[in-house]
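Trainee: attaching a predicted model along with its sequence, questions to come.
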Amino acid sequence: MRIQVGRGGPFEWRRWIGARTASPWWRGAAAVVAGALPALAFPAPSLWWFGYGALVPWMLLVRSAPTGRRAALDGWLGGLGFMVAVHHWLIPSLHVFTVVLAGLLGLLWAPWGWLVRATLGGAPSAGR
């Protein structure tokens, strides 16, 4: 898909996104943000309809990981983002330990990241 953007001429979204997700820092930041998205479906933000598609950006990011190890890391970082977003109310009492707690609970999402890449990674087949 080509889109004209300003003076620059044709702009290829896949190349732009591919360049961003190739960098481990961009992938890590995207995983944290994508992992925090499902927290918007909780009662306080009251965006219940967001729960139907909130995991999709995170799954697409993990699916495109170059290795299983990177997929597990993206799963862990997404879990960290989710846990920080959900447990934000603990910050006044636990201070910096909220991030430690979120990091430990985020480890539960690392096998999920590896499993997403193992089952959904690669080129789609006719059965998918």
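Mentor: Sure thing, it's come through.

Trainee: for residue 58, list the residues it contacts.
Mentor: By CB atoms under 8 Å, 6 or more residues apart in numbering, the contact list for residue 58 reads 31, 34, 35, 37, 38, 74, 78. For glycine as for every other residue, the C-beta is placed from the backbone atoms N, C-alpha and C.

Trainee: which non-adjacent residue is nearest it?
Mentor: In this structure, residue 58 finds its nearest non-sequential neighbour in residue 34, 3.9 Å apart by CB to CB, 6 or more residues apart in numbering.

Trainee: my guess is that neighbour contacts residue 79. True?
Mentor: No. The pair residue 34 / residue 79 is not scored as a contact, 10.8 Å apart, by CB atoms under 8 Å.

Trainee: hang on, the earlier thing: how much space separates the residue nearest to residue 58 from residue 46?
Mentor: According to CB to CB, to the nearest Å, residue 34 and residue 46 sit 21 Å apart.

Trainee: then residue 26?
Mentor: Between residue 26 and residue 46 the computed distance is 31 Å (CB to CB).

Trainee: higher neighbour count, the two?
Mentor: residue 26 (13 against 10; other CB atoms under 10 Å).

Trainee: so that one, which of the three states?
Mentor: helix (DSSP: H, G, I helix; E, B strand; the rest coil).

Trainee: and residue 75, how many neighbours?
Mentor: Residue 75 has 29 neighbouring residues, counting by other CB under 10 Å.

Trainee: can you tell me the closest non-neighbouring residue to it?
Mentor: Distances taken as CB to CB, 6+ apart place residue 113 nearest to residue 75, at 2.0 Å, with adjacent residues excluded.

Trainee: what count of nearby residues applies to that neighbour?
Mentor: 29.

Trainee: tell me which residues of the longest helix along the chain are tucked away?
Mentor: Counting residues, the longest helix found in the chain (DSSP state H) is helix 68-86. Residues of helix 68-86 classed as buried by neighbour count (16 or more other CB atoms under 10 Å): 70-86.
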